[in-house]
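Trainee: What shape does this take:
(one chain, ligands or ions: 1)
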Amino acid sequence: MYRYVCKTMLRRLFLSKKVSYQARLFSGNFRYLEVLNNENNVAIVTMKRAPVNTLNSELLSEISSVLTNLDETKCSGMVLTSFSDKVFSSGLDFNEMYESRPATIRTLVSTILEVIIKLYGSPFPTVAVITGHAPSGGCVLSLCCEYRIMVQNFQIGLNVVKLGYSTPLSIVQLMVNTIGHRNAELALTSGRLFTTNEALRVGLIDEIAKDRASAFDKANDFLNQFKVIPPIARHFTKQSMRRALLQDVSINGKIYVEDFVSLISRPKVQELIAAYMANMKNKKKNSN
Ligand SMILES: CC/C=C\C/C=C\C/C=C\C/C=C/C(=O)SCCNC(=O)CCNC(=O)[C@H](O)C(C)(C)COP(=O)(O)OP(=O)(O)OC[C@H]1O[C@@H](n2cnc3c(N)ncnc32)[C@H](O)[C@@H]1OP(=O)(O)O
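Mentor: Residues are numbered from 1 along each chain as shown. Model (predicted):
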């Protein structure tokens, strides 16, 4: 009898360890992401690639895996945010675009495209809590979410034209859908970065928050309104609103990726990327 009790207790202990280990696995299995579930079954996905959440293939493929997982586990919503109180994401990693083999650039671009498709088309509601600057790829990630809340005194926008390449068509469409044709044309052709206040005025973000905590309160308010909406009706409505862009990228995605790869590989664009990177380093040296 004594042996049976001990065995059962040990088994229970083992099982409980296994369960908590599995719970930790989901939040701790990633190198550059933290994924936590709150009490409302909302996933808080925090990018944590220090210092500025530069989007390399690995971070992007982790985001892609999480999106698949959240879809399968039927989460009630998702908040995408950054560990940093200064930068949401500094966009695509220049180190994977500069002097890189076409295969490296291709992997980077196809992975961001995969993320765009999954995030933009996700069945659950999505909010970007933008706790810092969000240039280029950072802005794209937030545009794929349904709602954007940004902390004061940062900048957001698509400045890719300054790097010597054009904004891909579906990214143009994301911007047009959000701020309208006229504003998008003016912003994209000049590579304009908007301050938080300007972004609100033009509709690039939906709300301003004074800090991270109040941004999360606002994100909860946004997500809570869906508690009384049947998820399937919400999902189909979202799909109808987003179908045109999703269909376009699923049909033409490969062409867009190849166009982007050859654009980035052009000597002139490579020169501009090198100059841009050097400029960033100089700015940093001068400010130290
Ligand atoms: C359907 C379509 C098909 C295909 C295409 C799909 C998608 C394409 C979508 C859009 C195109 C997107 C393109 C891009 O994203 S290109 C990247 C553009 N990014 C930028 O222009 C931002 C550059 N960074 C900054 O302006 C500043 O870093 C920032 C304001 C974000 C933060 O400033 P802070 O002073 O806080 O930090 P820094 O000292 O500048 O940076 C720290 C450290 O990080 C390095 N860094 C920064 N950004 C990048 C980057 N993008 N890539 C690589 N490295 C980066 C920086 O040099 C510093 O390095 P170190 O000096 O070694 O510490």
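Trainee: Need the per-residue pLDDT for the residue in the stretch 1-150 of the chain that the ligand sits nearest to.
Mentor: In the stretch 1-150 of the chain, the residue that lies nearest the ligand is Gly91 (2.6 Å; Cβ to the nearest ligand atom). Where C-beta positions appear, they are placed from N, C-alpha and C, glycine not excepted. Listed pLDDT for Gly91 reads 98.
Trainee: can you check Leu25 too?
Mentor: At Leu25, pLDDT is 36.
Trainee: just Met1 next, same as before
Mentor: On pLDDT, Met1 comes in at 39.
Trainee: Number of residues surrounding Glu271?
Mentor: 12 (other Cβ atoms under 10 Å).
Trainee: In contact with it, which residues?
Mentor: By Cβ atoms under 8 Å, 6 or more residues apart in numbering, the residues touching Glu271 are Gly164.
Trainee: For Ser240, see how far away the residue of the stretch 1-150 of the chain closest to the ligand is.
Mentor: Gly91 sits 30 Å away from Ser240, going by Cβ to Cβ, to the nearest Å.
Trainee: between those two, which one's more packed in?
Mentor: Gly91 (25 against 9).
Trainee: pretty sure that one contacts Thr54?
Mentor: Yes. Between Gly91 and Thr54 there is a contact at 7.1 Å, judged by Cβ atoms under 8 Å.
Trainee: Quick check: buried residues in the longest helix seen in the chain?
Mentor: Secondary structure of the chain per DSSP state H: the longest helix is helix 231-265. Buried residues in helix 231-265, defined by neighbour count with 16 or more other Cβ atoms under 10 Å: 235, 238, 242, 245, 249, 253, 256-257, 259-261, 263-264.
Trainee: what do you get for stretch 218-226?
Mentor: 218-219, 222-223.
Trainee: What about the residues you listed, which are in helices?
Mentor: Per DSSP H, the buried residues of stretch 218-226 map to helices at 218-219, 222-223.
Trainee: With pLDDT and distance to the ligand added, can I get those residues in TSV?
Mentor: Output for these, formatted as TSV (pLDDT from 0 to 100; distance: Cβ to the nearest ligand atom, whole Å):
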residue	pLDDT	distance to the ligand
Lys218	98	23
Ala219	98	22
Phe222	98	25
Leu223	98	26
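Trainee: can you list those residues in CSV and add distance to Val42?
Mentor: Listed next are these as CSV, based on distance: Cβ to Cβ, whole Å:
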residue, distance to Val42
Lys218, 13
Ala219, 8
Phe222, 11
Leu223, 6
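Trainee: Now for the residues you listed: which two are most distant?
Mentor: Largest separation among these by Cβ to Cβ: Lys218 and Leu223, giving 9.9 Å.
Trainee: need the residues of the chain near the ligand, please.
Mentor: Counting by Cβ under 6 Å from any ligand atom, the residues of the chain close to the ligand are 51-52, 54, 86-87, 90-95, 109, 112-113, 133, 135-137, 140, 159-160, 168, 170-171, 249, 256-257, 260, 280-281, 284.
Trainee: Please indicate which of those residues are buried?
Mentor: In the residues of the chain next to the ligand, the ones that pass as buried (16+ other Cβ under 10 Å) are 52, 54, 87, 90-94, 109, 112-113, 133, 135-137, 140, 159-160, 168, 170-171, 249, 256-257, 260.
Trainee: Name the residues of stretch 102-118 that come out as buried.
Mentor: Residues of stretch 102-118 classed as buried under the neighbour-count rule (16+ other Cβ under 10 Å) are 105-118.
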